[in-house]
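Undergrad: After the sequence you'll find the predicted model.
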Amino acid sequence: MSCRKPDIYLRNLVAGTETKVALANGKYVTAINFDNAATTPPFCSVLKEIDQFSPWYASVHRGKGYKSILCSEQYEYSREVVRKFVNADNRDAIIFTKNTTESINLAAYALAATSGKQVVLSSDMEHLANDLPWRDKFITDYIALTKSGRLSIKDLEEKLKKYQGKVVLVTVTGASNVTGYINPINKIARLAHQYGAKILVDGAQWVPHMPVDMKPYNSPEHIDYLAFSAHKMYAPFGTGVLIGPREIFNNAVPVYQGGGAVGLVSHQLIEWDDPPAKYEAGTPNMMGIVALTAAIRTLNELQLCQVYQHERQLIGYVINGLAAINGIKLYSGGQDGEERVSLISFALEGLHHSQLAEILSQEAGIAVRDGLFCAHPYVTKLLNISAEEIEYYQTHDDKTIPGLTRISLGIYNNCKEIDVFLELMEHIAQYRQYYAKKYEYVLANDRQIRDYPYC
Ligand code: PMP
């Protein structure tokens, strides 16, 4: 297993790999984090950079003090680091936000203000962050899935034809946070452009795992808008990114309004600053930006094409191991060689997803995710849950909501950890009834706090 770097090198890249956590039996073990799709631990390089930058920290774009000027310059320079990282065009604004959710919301408001109530094509595969923001501002329709849960390109084309030039945007995820499927973004961009639409890519699960190229404006495969979160790429501290044509942001009034986004303001008139500043009202998150650029530097050093290969091998190992366990159903194709990021969702017949996640945590200190992963329409479709059943769950709270268990890997995870996981999964599958009884309490808790685990 290699990334042309030894495992120990990759392991030492992030903080907290040796943290001990408590088990149900009172013993302590080294935590295994298989929930990297939710958030990744920080790179040590990020923490070092934060530490080294701290003595220079001051207000961005506010003040003539030496440190303030230095911070402002560093902040602006960071946009160029991001631009280069994803090969964004010079005409694009690189807007710093809080996370992917905020980025997509900002894009939705800007597009709604500049394009009127037209059609936005989202998909049945989306995280709610790339579904809900569009619903109240546009006529929304959803690209259907194939039998294996992939996006149906045929359906996309049919929908583009059906709406006869009224589709203003096709908005899809780069990679699914449920199945790990990587979407054929270049093909989707070509189709969208052919029918006069733009494309937005939710890069939350894509940008951290493989090289992303937005391509030039004149390329039919150009990505018009891209959103992603720093906390999923080893840089916590609360930064997200939205990239899109400066022209669009120029023409729309921003959602957040206040200092930093304006020129001169009177009671009669607001002179808006140019984007990106226009979209970054309030004091910028300098430390978040320091963290993001440090993480990009480390990912560049590692080379994302090698990160992809390495993680692809790791998840292949998980998939093969899980597929061999009696009663496991994998919720994505899982064939070797297919394009996917390093996560997979599954179910174990006879055990609720919530119990399974609890067992893994309590018996071996393994953190996984369970539920609907904020992709409710996608997971319920994969599980074949009918609209009537969903309505029942929405209006009753006497049943626990169905869902899946997800394992998502980062660059620092290794086969030894996967072996611990697979061994325990074998044991759970073999002694299902014992575990179901021991962790019966989880189901009762689940009913009481229904809102929590499903997103
Ligand atoms: N899109 C996808 C595909 C995601 O996996 C997530 C996070 N789970 C988001 C959007 C939202 O990201 P954030 O919580 O950082 O806004």
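TA: Cool, the structure landed.

Undergrad: drop to CA atoms for contacts and neighbour counts, all remaining ones
TA: Will do.

Undergrad: Break the protein down into its structural domains.
TA: The record's domain split for the chain, according to automatic domain parsing, is 8-42+303-454, 47-301.

Undergrad: Count the residues that sit near residue 82.
TA: Other residues lying near residue 82 total 17 when counted by other C-alpha atoms under 10 Å.

Undergrad: What residues sit buried inside stretch 61-72?
TA: For stretch 61-72, the neighbour count (16 or more other C-alpha atoms under 10 Å) marks 61, 67-72 as buried.

Undergrad: what about that stretch, start to end distance?
TA: 5 Å (C-alpha to C-alpha, to the nearest Å).

Undergrad: That stretch: how far from the chain's middle?
TA: 33 Å (C-alpha atoms, centre = their mean, to the nearest Å).

Undergrad: Give me the mean pLDDT for it.
TA: Mean pLDDT, stretch 61-72: 95.

Undergrad: Then stretch 136-149?
TA: Mean predicted confidence for stretch 136-149 is 96.

Undergrad: now swap in stretch 81-95 and tell me
TA: Mean per-residue pLDDT for stretch 81-95: 98.

Undergrad: Name the residues of the chain found near the ligand, please.
TA: Counting by C-alpha under 6 Å from any ligand atom, the positions of the chain adjacent to the ligand are 38, 99-101, 127, 129, 173, 176-177, 202, 204-205, 229.

Undergrad: which two in the residues you listed are spaced the farthest apart?
TA: Greatest spatial distance in the residues of the chain next to the ligand: 99 and 176, 16.9 Å, computed using C-alpha to C-alpha.

Undergrad: Between these two, which has more neighbouring residues?
TA: residue 176 (27 against 20).

Undergrad: In helices only, show me the buried residues of stretch 61-72.
TA: Applying DSSP state H to these, the entries found in helices are 67-72.

Undergrad: Farthest-apart pair in those residues, please.
TA: Across those, the longest distance by C-alpha to C-alpha is 8.5 Å; it joins 67 and 72.

Undergrad: Mind listing the shared neighbours of the two?
TA: Residues within reach of residue 67 and of residue 72 at once, by C-alpha atoms under 8 Å, 6 or more residues apart in numbering, are residue 59.

Undergrad: distance between the ends of stretch 390-405?
TA: Using C-alpha to C-alpha, the end-to-end distance of stretch 390-405 comes to 19 Å.

Undergrad: Each with direction, which strands does the strand or helix carrying residue 122 pair with?
TA: Here residue 122, judged by DSSP states H and E, is contained in strand 119-123. Sheet pairing here is set by DSSP bridges, and for strand 119-123 it gives strand 139-143 (parallel), strand 167-173 (parallel).

Undergrad: hmm, who's touching the longest one?
TA: In this case it means strand 167-173. The contact list for strand 167-173 (C-alpha under 8 Å, 6+ apart) reads 115, 118-123, 125-127, 130, 160, 183, 192, 195-204.

Undergrad: Try it again at 6 Å.
TA: Contacts of strand 167-173 with the rest of the structure, by C-alpha atoms under 6 Å, 6 or more residues apart in numbering, involve 119-122, 197-202.

Undergrad: possible to save these as CSV with neighbour count and pLDDT?
TA: Shown next, in CSV, are these (neighbours: other C-alpha atoms under 10 Å; pLDDT from 0 to 100):
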residue, neighbour count, pLDDT
119, 22, 97
120, 25, 98
121, 26, 98
122, 24, 98
197, 21, 97
198, 21, 97
199, 25, 98
200, 24, 98
201, 25, 98
202, 28, 98
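
Undergrad: Just give me the closest of the residues you listed to the ligand.
TA: Proximity of the contacts of strand 167-173 to the ligand (C-alpha to the nearest ligand atom) peaks at residue 202, which lies at 5.8 Å.

Undergrad: in the sheet, who's paired with that closest one?
TA: residue 173, residue 227.

Undergrad: ok, it - contacts?
TA: Residue 202 makes contact with 173-174, 227, according to C-alpha under 6 Å, 6+ apart.

Undergrad: of all those, which comes closest to the ligand?
TA: Proximity of the contacts of residue 202 to the ligand was ranked by C-alpha to the nearest ligand atom; the top entry is residue 173 with 5.9 Å.

Undergrad: what stretches of this protein score poorly on pLDDT?
TA: Across the chain, the stretches falling below the confidence threshold (pLDDT under 70) are 1-4, 334-337, 446-455.

Undergrad: Of the strands paired with strand 119-123, flag the one that's most buried.
TA: Comparing the strands paired with strand 119-123 by mean neighbour count (mean count of other C-alpha atoms under 10 Å), strand 167-173 comes out on top with a mean of 25.

Undergrad: tell me the helices in the stretch 301-450 of the chain, going along the chain?
TA: 304-323, 353-364, 376-382, 387-395, 415-430, 432-438, 441-448 (DSSP state H, counting those that start in this stretch).

Undergrad: Now mean neighbour count too, for the ones you listed, in a markdown table please.
TA: Formatted as a markdown table, those follow (neighbours: other C-alpha atoms under 10 Å):
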| stretch | mean neighbour count |
| --- | --- |
| helix 304-323 | 20 |
| helix 353-364 | 21 |
| helix 376-382 | 20 |
| helix 387-395 | 12 |
| helix 415-430 | 17 |
| helix 432-438 | 14 |
| helix 441-448 | 14 |
